[in-house]
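# Predicted model and sequence follow; I will ask about them next.
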2 protein chains.
Amino acid sequence: MKRSTAATLEDVAREAGVSAMVASVVLNGARSSTRVSEKTRARILEAAARLHYRRNALALGLSRNRIDTIGVAATIDSSDVNLYFLEVLNGILGAAAEHGQSANVFSVFDWQRDQARLLEFCDGRIDGMILIGPHLDAAFAEALAHHTRFVTLHSNSALPNAYNLDVDNERGGYEATRHLLEQGHRRIAHFAANLDLVGAQQRLAGYRRALEEAGIAFEDSLVVPGQFNIDSGRQSMSALLERCASAPLPTAIFCASDAIAYGCMEVLTSHGIRIPDDISVVGFDDTMMARMTRPPLTTVCQPFRQMGRRAVELLLSQIHADEVPAAEENTPSALAAPGDDADSHTVIFAVELVVRESTGPPPKQPIVPVSLSTR
Amino acid sequence: MKRSTAATLEDVAREAGVSAMVASVVLNGARSSTRVSEKTRARILEAAARLHYRRNALALGLSRNRIDTIGVAATIDSSDVNLYFLEVLNGILGAAAEHGQSANVFSVFDWQRDQARLLEFCDGRIDGMILIGPHLDAAFAEALAHHTRFVTLHSNSALPNAYNLDVDNERGGYEATRHLLEQGHRRIAHFAANLDLVGAQQRLAGYRRALEEAGIAFEDSLVVPGQFNIDSGRQSMSALLERCASAPLPTAIFCASDAIAYGCMEVLTSHGIRIPDDISVVGFDDTMMARMTRPPLTTVCQPFRQMGRRAVELLLSQIHADEVPAAEENTPSALAAPGDDADSHTVIFAVELVVRESTGPPPKQPIVPVSLSTR
DNA sequence: CGCAAGTGATTTAACGCTAAATTTTTATGA
DNA sequence: TCATAAAAATTTAGCGTTAAATCACTTGCG
């Protein structure tokens, strides 16, 4: 039996010999002045069970102007870069379920080209949207705001008229580098990601600040830009080895992501360089990848799950605020983080350094690549 | 401007000085006997643009009894076991977008306990459902069929009244083992997953068949059961090393998943055992993990992406078949795979062995664990 | 006995859209 | 000039639900 024959409220009511409204009150708890006798209630429940009745969400949504579904837009390829998406999605779906929301996932291939598709998506089937890692401009944000409420997460630029959730990248870079300094390292390289991305810039800035605070001159040659993926980590490490062919290597490397660190460690290991004995490595993200390296990776933990949860909560608070226009005016301000401007609210999550086994004190004698073959 | 003020068709029509129906024809292409003059069309389009009109999907869905959204139910944790989910989701979202469908993702924590939640989900907000890796019984399948159409993927048991997509696990196990045999290996271990799962059973069966075909006696002690994750691979390998403490190790290991292979290789490497020189390792799945091991993993490729796509297509074919009841009766049979029984259609996808660098000919002298410390 | 107060239901309208039927307007030809 | 077809638009009704208003009985009480 397919659902082409799904029973409606009216079917149930007819079966029970009552009007649809009574059935609505009994089955769906419609709050109405209507009182229902126990006898009638029982008959309706029985009829509903027999007919496998289930309230139609579209009809409800149409009349309530709310479908209890949130949209999630993200780039979903299966590359190692997007591992973090699983973690965020986890948080989103968990929180959504707790709040009785379902989640409609929209796969973005290119944030610029897919803008139109994204707008079409806002046709009533979602109550709001969470944009993960978008590269969008203010003009689009305005267009989007005409059609739905939204919250961004890891956005490359804070969009106006929306909550923007991000992690304290600068602090993360700082903490990671600080940790290495405290271990005694003085020559620390940084494998950056694409420096067009503000997240990558901020991590670099944190690295720089830590060095400067420690009175260590920033060396341009110790920063290798790249991408957020494993392959980039391999390339950066190979490049560094080449660059330092007959000079001593830095004794520690702060990588802008776990994936970069993964590739970096792979190359180090294949050259017989021991971690952390010869070189210490720190990552960023704390995805499952950090538990896949040997030794396990010291890294900067982003609270992905919690960020996903919070994104849902902020979105729902916006939705509810719109429903009850003149309601509690304190909710938004309670949610707003310090540093808000008028229309844009930025929520920054704290990072936490997770020390595992890829970092330790520097070796007495830094590694020199030319000596490797003889080891 | 939030969407509490979303313009309706009537708003646009009023603005353009026409009836809602004309606007419907112009803006949404409603196929009706109505012809529209160019002048009117232009006025309507202009008004729609000014008001940022977008057709409400719920209203359309309500009257069409179709919302163009498919449900996807899966266990979505961020453990290494669920990497394959990203690949499948990729295929699903790609195909869905091509067919003008959106996807509502439902996170299952426990297939037994969440049955009720899963049923509630079928309230009109989805047209059908793809169940990924479910452990469901026939009773539930019947209940579910009352409310929606569905397709299962990697189901532990083929559910009646539904297409069940899976990969040829037995063949995969056979091919993997065959490859090792062809390299010259005679003592091949198998790190199985949870043998309560039919997929795991079938992979074991394929391994067994290959051995028997080659005239090699099946040795129970060479099969180590476990789970589908990295940790299990570590444990299985450690167990095997212990078991063979002073006896020669097998020269090759067929692992029931890439994750198991990952853990297995990690332990081998940490003991200084070289891959593939001392021991060859084969995995199963070909997720991105197979490209993360050093050396890259020889593995059995499951066409996840394609399976996801096909799941969408089969689901849509069911949905469309239900819409046009007495329509082309050939479509279902054309889609059905051989070996169908009346109500259950099983679609088996071919696997493909991907040879990378973790396999090679056996060593002259098999490794004996006690000798390891002296290497 | 008549009437207010309660109890237990029903009816109406609206949410935004479109198929089908119907009406109005315009153009065409004898 | 007037029927007549063709073109252009409108009206009606219904998808499944619920809020709000209304209606029909009991009951109790002065």
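On my side now, so go ahead.

# What is the neighbour count of A:Ala139?
A:Ala139: 9 surrounding residues under other CB atoms under 10 Å in any protein chain shown. Every residue, glycine included, has its C-beta placed from N, CA and C.

# starting at the chain centroid, how far to stretch A:47-66?
Relative to its chain's centre, stretch A:47-66 lies at 33 Å (CA atoms, centre = their mean, to the nearest Å).

# Can you list the helices and strands that whichever strand or helix holds A:Ala189 packs against?
For A:Ala189, the element it lies in under DSSP states H and E is strand A:188-191. In terms of contacts (3 or more CB pairs under 8 Å, 6 or more residues apart in numbering or on different chains; DSSP states H and E), strand A:188-191 is packed against helix A:169-182, helix A:198-213, strand A:223-224, helix A:230-243, strand A:252-255, helix A:258-270.

# Quick one: end-to-end length of stretch A:68-82, please.
By CA to CA, to the nearest Å, the extent of stretch A:68-82 from end to end equals 27 Å.

# interface residues of the stretch 151-300 of chain A facing chain B?
Residues of the stretch 151-300 of chain A lying close to chain B (CB under 8 Å from any CB of the partner chain) are A:230, A:262, A:266, A:269-270, A:287-288, A:292, A:294.

# For DNA strand C, state which of those is nearest.
A:Thr287 (41.7 Å; CB to the nearest atom of the strand).

# what's the distance between that closest one and A:Glu170?
Applying CB to CB, to the nearest Å, the value for A:Thr287 to A:Glu170 is 20 Å.

# For the stretch 1-150 of chain A, just list every one of the strands.
Ranges of strands in the stretch 1-150 of chain A, per DSSP state E, counting those that start in this stretch, are A:69-74, A:102-107, A:128-132, A:149-153.

# what lines up beside the third one in the sheet?
To tie it back to what came earlier, the one meant is strand A:128-132. strand A:69-74 (parallel), strand A:149-153 (parallel) (DSSP bridges).

# want to try TSV for the ones you listed, with mean pLDDT as columns?
What follows is the strands paired with strand A:128-132, written out as TSV (pLDDT from 0 to 100):
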stretch	mean pLDDT
strand A:69-74	98
strand A:149-153	96
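
# now, of those strands, which is deepest in the fold?
strand A:149-153 (a mean of 27; mean count of other CB atoms under 10 Å in any protein chain shown).

# Show residues contacting that strand.
Strand A:149-153 is contacted from outside by A:88, A:127-134, A:136, A:144, A:158-159, A:162-166, A:307-308, A:311, A:314-315, A:318-319, A:322, B:2-3, using CB atoms under 8 Å, 6 or more residues apart in numbering or on different chains.

# which ones are touching the residue nearest to A:Ser19 when sequence neighbours are not counted?
Closest residue in space to A:Ser19, ignoring its immediate chain neighbours: A:Ala13 at 5.7 Å, by CB to CB, 6 or more residues apart in numbering or on different chains. Residues near A:Ala13 by CB under 8 Å, 6+ apart: A:19-20, A:22-23, A:44.

# Of the residues you listed, which is the most crowded?
Neighbour counts for the contacts of A:Ala13 (other CB under 10 Å) peak at A:Ala23, which has 29 neighbours.

# That one: what's it in contact with?
A:Ala23 neighbours (CB under 8 Å, 6+ apart): A:9-10, A:12-13, A:16, A:44, A:48.

# can I get those residues in TSV with pLDDT and distance to DNA strand D?
Converted to TSV, the contacts of A:Ala23 look like this (pLDDT from 0 to 100; distance: CB to the nearest atom of the strand, whole Å):
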residue	pLDDT	distance to DNA strand D
A:Leu9	95	3
A:Glu10	95	6
A:Val12	96	8
A:Ala13	96	9
A:Ala16	95	13
A:Ile44	96	12
A:Ala48	96	10
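
# Kindly give a single ChimeraX line that selects the buried subset of these.
To isolate the buried ones among these in ChimeraX, judged by 16 or more other CB atoms under 10 Å in any protein chain shown, type:
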select /A:9,12,13,16,44,48
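
# the helices in chain A, which residues?
For chain A, applying DSSP state H gives helices covering A:9-16, A:20-28, A:38-51, A:57-64, A:83-98, A:115-120, A:138-145, A:169-182, A:198-213, A:230-243, A:258-270, A:304-323, A:330-335.

# Could you export the fourth one as CSV, CA atoms only?
Once non-C-alpha atoms are left out, helix A:57-64 reads as follows in CSV (Å, rounded to 0.1, in the frame of the first residue of the first chain):
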residue,chain,number,x,y,z
ALA,A,57,3.0,18.3,7.3
LEU,A,58,2.5,20.3,4.1
ALA,A,59,-1.1,21.2,5.0
LEU,A,60,0.0,22.2,8.5
GLY,A,61,3.0,24.0,7.1
LEU,A,62,0.9,25.9,4.7
SER,A,63,-1.5,27.2,7.3
ARG,A,64,1.2,27.8,9.9
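
# wait, does it contact chain B?
Yes - Helix A:57-64 lies within reach of chain B by CB under 8 Å from any CB, at A:57-59, A:61-62.

# List, out of those, those positioned next to DNA strand D.
Subset of the residues of helix A:57-64 next to chain B in contact with DNA strand D: A:59, A:62, counting by CB under 7 Å from any atom of the strand.

# Of the helices and strands packed on strand A:188-191, flag the one that's most buried.
Scoring the helices and strands packed on strand A:188-191 by mean neighbour count under mean count of other CB under 10 Å gives strand A:252-255 as the most buried, with a mean of 32.

# Which strands and helices lie in contact with that one?
Secondary-structure packing of strand A:252-255 (3+ CB pairs under 8 Å, 6+ apart): helix A:169-182, strand A:188-191, helix A:230-243, helix A:258-270, strand A:280-285.

# Save those as CSV, and put in mean pLDDT and distance to B:Ala214 too.
Formatted as CSV, the helices and strands packed on strand A:252-255 follow (pLDDT from 0 to 100; distance: least, CB to CB, whole Å):
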stretch, mean pLDDT, distance to B:Ala214
helix A:169-182, 98, 53
strand A:188-191, 98, 47
helix A:230-243, 97, 37
helix A:258-270, 97, 35
strand A:280-285, 98, 44
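
# So what's the residue count around A:Ser317?
If we define neighbours as other CB under 10 Å, then A:Ser317 has 17 of them.

# Over to A:Arg310?
Neighbour number of A:Arg310 under other CB under 10 Å is 21.

# Just the pLDDT for A:Ser4.
We have a pLDDT of 53 for A:Ser4.

# cool, and A:Thr34?
pLDDT, A:Thr34: 73.

# now swap in A:His185 and tell me
We have a pLDDT of 98 for A:His185.

# Please name the bridge partners of the residue nearest to it when sequence neighbours are not counted.
Excluding its sequence neighbours, the residue lying closest to A:His185 (CB to CB, 6+ apart) is A:Ala252, at 4.2 Å. Counting by DSSP bridges, A:Ala252 is bridged to A:Ile188, A:Ser280.

# What is the burial count for the closest residue to A:Leu316 other than its chain neighbours?
Leaving aside its sequence neighbours, A:Leu316 sits nearest to A:His99 (CB to CB, 6+ apart; 5.9 Å). Residues lying near A:His99 (other CB under 10 Å) number 14.

# do you know how far A:Val151 is from A:Asn28?
Applying CB to CB to A:Val151 and A:Asn28 gives a distance of 30 Å.

# likewise A:Pro363?
Going from A:Pro363 to A:Asn28 by CB to CB gives 69 Å.

# And the residue in the stretch 201-350 of chain A that chain B sits nearest to, how close does it get to DNA strand D?
Chain B sits closest to A:Asp322 of the stretch 201-350 of chain A, with a gap of 5.0 Å, by CB to the nearest CB. Applying CB to the nearest atom of the strand, to the nearest Å, the value for A:Asp322 to DNA strand D is 17 Å.
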